[in-house]
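Asks: Take this sequence and fold it.
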Amino acid sequence: MLGFLIALLSGALMSIQGVFNTQVTKTSGIWVANAFVQFTALLVCLAGWLITDRSSFASLWKVEPKYMLLGGAIGAFITYTVIKGMALLGPAKAVMLIVISQLIVAYVIELLGLFGVEKQPVEMRKIIGMAVAIVGIVIFKWT
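Replies: Okay, here's the model as predicted:
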């Protein structure tokens with residue numbers, strides 16, 4: 001149940017952040033806004049680390065494979081694409097497409113066992129669920 005609530009909170013925060021970031025780009029450039037977002041995230045993470053964790057940053061160099069360390073760089077492009085998507089489509093349509101894209105890519109990662117994720121079998125109910133979500137987006141777009 002806790003995981004369910006945390007995932008719901010994550011989605012809500014992502015939507016709110018996307019709207020905030022899109023508004024910031026109206027008075028600054030998109031890369032300035034993105035840099036500010038990433039910088040403030042760094043400050044929050046460092047504060048959290050100081051308060052709770054204090055594990056060694058050197059442990060990062062033990063991560064294998066090394067490409068797994070690209071999460072932050074990917075995060076910068078996520079912020080950029082969320083800002084652009086919301087600016088071009090509006091928050092609701094952009095978030096619906098973002099969520100569907102996340103769902104499809106995550107399912108493909110599971111099906112193929114990519115990036116160290118345990119391979120999962122094809123389940124028709126999950127495919128039907130994604131199809132229903134896609135139909136929902138089509139209905140939402142044309143209403």
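
Asks: Mind checking the pLDDT average for the helix or strand harbouring Val99?
Replies: Applying DSSP states H and E as the criterion places Val99 in helix 91-112. Over the span of helix 91-112, the pLDDT mean works out to 92.

Asks: What of stretch 29-41?
Replies: 96.

Asks: Show me which positions of that stretch end up buried.
Replies: Residues of stretch 29-41 classed as buried: Ile30, Ala33, Asn34, Val37 (neighbour count, 16 or more other CB atoms under 10 Å). To be clear about C-beta, it is placed using only N, CA and C from the backbone, and glycine gets the same treatment.

Asks: ok, and what's touching the helix or strand harbouring Ile6?
Replies: For Ile6, the element it lies in under DSSP H and E is helix 2-24. Helix 2-24 has contacts (CB atoms under 8 Å, 6 or more residues apart in numbering) with 33-34, 36-37, 79, 82-83, 85-87, 91, 94-95, 98-99.

Asks: just the buried members of these?
Replies: The neighbour-count test (16+ other CB under 10 Å) applied to these identifies 33-34, 37, 79, 82-83, 85-87, 91, 94-95, 98 as buried.

Asks: For Gly71, state which of these is nearest.
Replies: Nearest to Gly71, judged by CB to CB, of the buried ones among the contacts of helix 2-24 is Thr79 at 12.6 Å.

Asks: How is the nearest residue to the closest one once chain neighbours are set aside classified with respect to secondary structure?
Replies: Counting by CB to CB, 6 or more residues apart in numbering, Thr79 lies nearest to Asn34, which is 4.9 Å off, once chain neighbours are set aside. Following DSSP: H, G, I helix; E, B strand; the rest coil, the label given to Asn34 is helix.
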